[in-house]
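>>> This is a predicted model, with the sequence first.
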Amino acid sequence: MAKLGMFLFGIILVVWQGFVLQTLWGWFIVPTFEIAKLSVAAAVGIIMIVTFLTKNWKVKEILDDDDLIYFSNMVIAAAHALLCLIGGGVISVFFMP
């Protein structure tokens, strides 16, 4: 039950972050640069791109084997890229015009 709650909280958090970016974009970017407003879906996509490019996912170094730590970090990076790709695909297919 706790994992379902965390999953649902994650979905709510992503939508909240998208709403916040959409609002800030409308307040500052649109009037300054005279460009189009963002939808929440587009804002979530931008957040995913920025997170994908900047987040540094690492295994806590509680493991003794350096090769295992390195491999684990590579697996986490690959999984993160896959999740961004899947999430971005879902957003672009179902929520973008």
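Sure thing, it's come through.

>>> Give the buried residues for the helix ranked longest in the chain.
If you go by DSSP state H, the chain has its longest helix at helix 66-94. Within helix 66-94, the residues scored as buried using 16 or more other C-beta atoms under 10 Å are 69, 72, 84, 88, 91. Every residue, glycine included, has its C-beta placed from N, CA and C.

>>> Could I get those in TSV, plus columns for distance to residue 33 and pLDDT?
Listed next are those as TSV, based on distance: C-beta to C-beta, whole Å; pLDDT from 0 to 100:
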residue	distance to residue 33	pLDDT
69	43	73
72	42	77
84	26	81
88	24	83
91	24	85
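
>>> from these, which single one is nearest residue 18?
residue 91 (9.2 Å; C-beta to C-beta).

>>> My guess is that closest one contacts residue 47. True?
No - at 10.3 Å, residue 91 does not count as touching residue 47 under the criterion of C-beta atoms under 8 Å.

>>> Would you check that residue 87 makes contact with residue 48?
Yes - Residue 87 lies in contact with residue 48 (C-beta under 8 Å); the separation is 6.0 Å.

>>> who touches the residue nearest in space to the middle of the chain in this structure?
The residue lying closest to the centre of the chain (C-alpha atoms, centre = their mean) is residue 48, at 3.2 Å. When contacts are counted by C-beta atoms under 8 Å, 6 or more residues apart in numbering, residue 48 touches 84, 87-88, 91.

>>> And it, how close does it get to residue 31?
25 Å (C-beta to C-beta, to the nearest Å).

>>> go on, residue 65?
Counting by C-beta to C-beta, the gap from residue 65 to residue 31 is 54 Å.

>>> and what of residue 69?
Taking C-beta to C-beta, one finds residue 69 at 47 Å from residue 31.

>>> Which helix or which strand is home to residue 10?
Element membership for residue 10, per DSSP states H and E: helix 2-24.

>>> That helix: how far from the chain's middle?
Remark: helix 2-24 is offset 10 Å from the chain centroid, using C-alpha atoms, centre = their mean, to the nearest Å.

>>> Distance from the chain centre to the helix or strand containing residue 46, please.
Here residue 46 sits within helix 40-54, counting by DSSP H and E. Centroid separation between helix 40-54 and its chain, computed with C-alpha atoms, centre = their mean, is 5 Å.

>>> Thanks a lot, see you next time.
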